[in-house]
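J.: after the sequence you'll find the predicted model.
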Amino acid sequence: MTLYKLSDFDSDYRNSAFGGNEIKGLDVYAGTTDDKVGSVHDVLLDQTGRMRYLVVDTGFWIFGKKVLVPLGRCRFGQGMERVQAIGLTSKEQLETMPDYNDDMTVDYDYEEQVRKAYRPAGIAGPAKTYDRNSYQYNDHDPDLYNLSETDHQQIKLYEERLITRKERKQTDEVAVGKRVTSNTAEVSVPVEKERVVIERTPVTNAQAVPGGAAFKEGEVARIAVHEETADIEKQAFVREEVTVRKEVDRSTVDAKETVRREELEVKTKNS
């Protein structure tokens, strides 16, 4: 199960969970004694918002070492002024406990190392009865994670929050293809056609032909006559290029809903 740091899960944890008090920095004492072993560095919560561990900076006991203390092994003093770490009894115990650092990922195997340090001697480990996929904090290790009602009179204050989700669904489909249409095209082609023009001009003031006329039978003048015809063919040309792509339009959907929040009321007999 994924664990979250306190401020990552709820940035307003002081007001939403601790009545305006700060849990980080509280002094931590060994067992039921007044022997200070360190201070609260952070709190780890599961995805439901339940506190599972206090991260204790051992300070002068073992300089620079941080360890996890299951919530069921902690007792909060009246008014949240101190924490009694019932599970921490000796410096030797702290030295053998697994180190914690802020950058690490707390997984099942690491938690098992922590749990073994707090389980009573002779209690079989969870591997014999359940595995990492079925483990439940309060069901399998209630002594480590449940708060004792004799030591804590607890009132849980709940509040509702708006949880947003997005669903992606297909709303349309665009098909882009080609089809062939036909129409009649017209074109004008200028052509030339030759014709023969015969002009006859009478001669006035005719003069005699010297030496006599050379009359010839069957004399013919030949002229070639031409004309142009239109030769039309069809060729294909690229008329237009079409590019198909998708663009994403983004907008914000505003939602408004009434949420409830429980507030603590304290009354005395004389009020």
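T.: Yep, it's here. Note that the structure is a prediction, hence the values are computed from the model and not measured.

J.: next one: stretch 110-117 to chain centre, how far?
T.: In terms of CA atoms, centre = their mean, to the nearest Å, the centre of stretch 110-117 is found 33 Å from the chain centre.

J.: and that stretch, what's buried?
T.: For stretch 110-117, the neighbour count (16 or more other CB atoms under 10 Å) marks 110-112, 114-115, 117 as buried. Backbone N, C-alpha and C define where each C-beta goes, glycine included.

J.: list the contacts of residue 146.
T.: 72, 138 (CB atoms under 8 Å, 6 or more residues apart in numbering).

J.: distance check, it against residue 71.
T.: Distance, residue 146 to residue 71, by CB to CB, to the nearest Å: 8 Å.

J.: same question for residue 242.
T.: 65 Å.

J.: run through the stretch 51-200 of the chain and note the low-pLDDT ranges.
T.: Along the stretch 51-200 of the chain, segments meeting pLDDT under 70 span 60-62, 78-79, 121-130, 148-158.

J.: one more time with 50, if that's ok
T.: For the stretch 51-200 of the chain, applying pLDDT under 50 flags the ranges 122-128, 149-155.

J.: give me the buried positions along stretch 244-263.
T.: Result for stretch 244-263 [16+ other CB under 10 Å]: no buried residues.

J.: now the most centrally placed residue in the chain: which helix or strand?
T.: For the chain, the residue nearest the mean C-alpha position is residue 166 (10.7 Å; CA atoms, centre = their mean). Under DSSP states H and E, no helix or strand contains residue 166.

J.: so which of the buried residues of stretch 110-117 is the closest to residue 49?
T.: residue 111 (17.9 Å; CB to CB).

J.: so that closest one: helix, strand or coil?
T.: Using DSSP: H, G, I helix; E, B strand; the rest coil, the structure places residue 111 in helix.

J.: look up how far residue 173 lies from residue 242.
T.: 18 Å.

J.: to clarify, my last question referred to residue 92.
T.: From residue 92 over to residue 173 (counting by CB to CB), the distance is 70 Å.

J.: same question, residue 74
T.: Where residue 173 is concerned, residue 74 sits at a distance of 59 Å (CB to CB).

J.: and if you look at residue 226?
T.: Distance from residue 226 to residue 173, by CB to CB: 63 Å.

J.: the helices in the stretch 101-250 of the chain, which residues?
T.: Using DSSP state H, counting those that start in this stretch, the helices of the stretch 101-250 of the chain run over 108-118, 137-140, 142-145.

J.: tabulate those (TSV), appending distance to residue 255.
T.: Listed next are the helices of the stretch 101-250 of the chain as TSV, based on distance: least, CB to CB, whole Å:
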stretch	distance to residue 255
helix 108-118	37
helix 137-140	34
helix 142-145	35
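
J.: all strands for the stretch 1-150 of the chain, in order.
T.: 4-5, 27-30, 36-45, 51-57, 66-70, 74-76, 83-85 (DSSP state E, counting those that start in this stretch).

J.: and of those, who's closest to residue 191?
T.: strand 4-5 (89.9 Å).

J.: so what touches the closest one?
T.: Here strand 4-5 makes contact (CB under 8 Å, 6+ apart) with 42-47, 102.

J.: how far away from the center of its chain is that strand?
T.: 20 Å.

J.: and that strand, which strands flank it?
T.: If you go by DSSP bridges, strand 4-5 pairs up with strand 36-45 (antiparallel).

J.: then the strand it pairs with to CSV, C-alphas only?
T.: The C-alpha trace of strand 36-45 is given here as CSV (Å, rounded to 0.1, in the frame of the first residue of the first chain):
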residue,chain,number,x,y,z
LYS,A,36,13.6,11.6,25.6
VAL,A,37,14.6,9.6,22.5
GLY,A,38,14.0,12.3,19.8
SER,A,39,11.2,14.2,18.2
VAL,A,40,8.5,13.7,15.5
HIS,A,41,10.0,14.4,12.1
ASP,A,42,7.0,13.5,10.0
VAL,A,43,3.9,11.2,9.8
LEU,A,44,3.2,8.6,7.1
LEU,A,45,-0.5,8.0,6.1
